[in-house]
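Visitor: No sequence on hand, only this structure:
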Ligand SMILES: Nc1nc2c(ncn2[C@@H]2O[C@H](COP(=O)(O)OP(=O)(O)OP(=O)(O)O)[C@@H](O)[C@H]2O)c(=O)[nH]1
Ligand SMILES: [Mg+2]
């Protein structure tokens, strides 16, 4: 039996003391949140769980009290709690859905990797295959460089697909007759700017390599008449983001209208959440997703968008230039999730035939 209780007190350590007092030393703290009461005083709330079964398990004497065994036992207990909490959430949400088609939609969404709470919010629209109208999801306004000069900078993890997306957009808009200018600040690595330089040469559009502030000023001046400026940057990751702050000065100079954080959908969901945390304070304006063709759980992008509250812009779902990309809209998101679901159904049919 899992017992989960909530405790509140003005200070965190007081709330934790209440947990120990009531549930004893085996209690596991699940989360802690600070809020304000009506008089604007701080209130700390702590959820704690106690596995009452585990308490009654008696290990053979030789296994008792050795530190590795107790660590293992507490790890097992934690795992059990995590699983039962996850299931509890899912079950609670599922039971709150009355109509079967909506419940099926909820299950599809879970299967696509959408979290239980988001799936619950989306299920009604998704069941009707109508565009998803979830409050927490924000949608960026589609760019229109013919009408409004647009300067887009791409930031994101190493290998996220920044250079490729810049190349796709440059090609797409050049073919439409838009005056495009390409720039890169990826200058520290050998060959960092080569791919984009090649695209610029093929398309016959200006290309600027930006190392210093003076380069940035010069590039800005020279690209004054461009309708669409696309700026590629050096990749970063959760562990090595030190160069970012330096880059930011250059970003300021370039006067971007959009600073897009590009997230690869092939990345693990929790690593992605850590990146979103890292990205705070970089002044990023939009979120975009790449490699949607490389994941069986595209629903994680919903969870990322919801967690970051950043408006969604582009998505890329393949390496071809200038195709396999689009602008994310509620309708497009539904289409991506439905398509992946169908693909998986087809795969499983193939398996059964073979
Ligand atoms: N299948 C698939 N491949 C992609 C997609 N986007 C990018 N790629 C591939 O992923 C690889 C890395 O893409 P890049 O555009 O070089 O990534 P980047 O963010 O510029 O990488 P760094 O400059 O090293 O940080 C390339 O082989 C791309 O062709 C996509 O949506 N789908
Ligand atoms: Mg690159």
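Guide: Yep, that arrived. Please read these numbers as outputs of a predicted model, since none were measured by experiment. Ligands and ions are numbered 1, 2, ... in the order given.

Visitor: Which residue lies closest in space to the closest residue to ligand 1 within the stretch 51-200 of the chain, excluding its sequence neighbours?
Guide: Across the stretch 51-200 of the chain, the shortest distance to ligand 1 (CB to the nearest ligand atom) belongs to residue 161, at 2.9 Å. (C-beta placed from N, C-alpha, C; glycine too.) If the residues on either side of it in the chain are set aside, residue 161 comes closest to residue 290, at 3.5 Å by CB to CB, 6 or more residues apart in numbering.

Visitor: Assess the claim that the one you found and residue 263 are in contact.
Guide: Yes. Between residue 290 and residue 263 there is a contact at 7.3 Å, judged by CB atoms under 8 Å.

Visitor: State the distance from residue 206 to residue 228.
Guide: Distance of residue 206 to residue 228, given as CB to CB, to the nearest Å: 12 Å.

Visitor: Which neighbours do these two have in common?
Guide: Common neighbours of residue 206 and residue 228 are listed as residue 181 (criterion: CB atoms under 8 Å, 6 or more residues apart in numbering).

Visitor: So the two - more neighbours on which side?
Guide: Neighbours were counted for residue 206 and for residue 228 using other CB atoms under 10 Å; residue 228 has more, 26 against 17.

Visitor: Assign a three-state SS to the closest residue to the more buried one other than its chain neighbours, would you?
Guide: Closest residue to residue 228 apart from its sequence neighbours, by CB to CB, 6+ apart: residue 145 at 3.9 Å. State at residue 145, reduced to three classes by DSSP: H, G, I helix; E, B strand; the rest coil: coil.

Visitor: OK, contacts around residue 145?
Guide: Contacts for residue 145 (CB under 8 Å, 6+ apart) come out as 173, 178, 227, 228.

Visitor: Now do the phi/psi pair for it.
Guide: With angles defined as degrees, to the nearest 10, residue 145 sits at phi -60, psi -20.

Visitor: And the helices in the stretch 101-250 of the chain, which stretches?
Guide: 116-127, 162-175, 194-203, 213-222, 243-254 (DSSP state H, counting those that start in this stretch).

Visitor: Return the residues of the stretch 201-350 of the chain in contact with ligand 1.
Guide: 235, 290, 291, 293, 294, 316, 317, 318, 319 (CB under 6 Å from any ligand atom).

Visitor: Going by neighbour count, which of the residues you listed comes out on top?
Guide: residue 290 (29 neighbours).

Visitor: one step back: any idea how far the residue nearest to residue 228 lies from residue 173?
Guide: 6 Å.

Visitor: Repeat that for residue 29.
Guide: 52 Å.

Visitor: the more surrounded of these two?
Guide: residue 173 (22 against 13).

Visitor: Quick check: residues of the stretch 51-200 of the chain near ligand 1?
Guide: Near ligand 1, when you scan the stretch 51-200 of the chain using CB under 6 Å from any ligand atom, you find 156, 158, 159, 160, 161, 162, 163, 164, 186.

Visitor: Just give the nearest non-adjacent residue to the first one, would you?
Guide: If you skip the residues right next to it in sequence, residue 156 has residue 262 as its closest partner in space, 3.8 Å away by CB to CB, 6+ apart.

Visitor: Likewise for the last one?
Guide: Counting by CB to CB, 6+ apart, the nearest residue to residue 186 once its immediate chain neighbours are dropped is residue 192, at 3.8 Å.

Visitor: Could you pull up the residues touching residue 12?
Guide: 32, 34, 44, 46.

Visitor: do the same with residue 123
Guide: Counting by CB under 8 Å, 6+ apart, the residues that residue 123 touches are 97, 102, 103, 105, 106, 109.

Visitor: Repeat that for residue 251.
Guide: Counting by CB under 8 Å, 6+ apart, residue 251 has contacts 153, 185, 233, 259, 283.

Visitor: Of those residues, select the buried ones using a PyMOL command.
Guide: Buried residues among those (16 or more other CB atoms under 10 Å), as a PyMOL selection:
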select buried, resi 153+185+233+259
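
Visitor: what's the most distant pair in the contacts of residue 251?
Guide: 185 and 283 (14.8 Å; CB to CB).

Visitor: Quick check: which ranges of the chain have low pLDDT?
Guide: The chain contains residues with pLDDT under 70 at 1, 53-69, 74, 77-87, 240-242, 347-354.

Visitor: Can you show me the strands along it?
Guide: 2-9, 28-36, 42-51, 150-156, 180-184, 207-209, 228-232, 258-264, 286-290, 312-316, 325-327 (DSSP state E).
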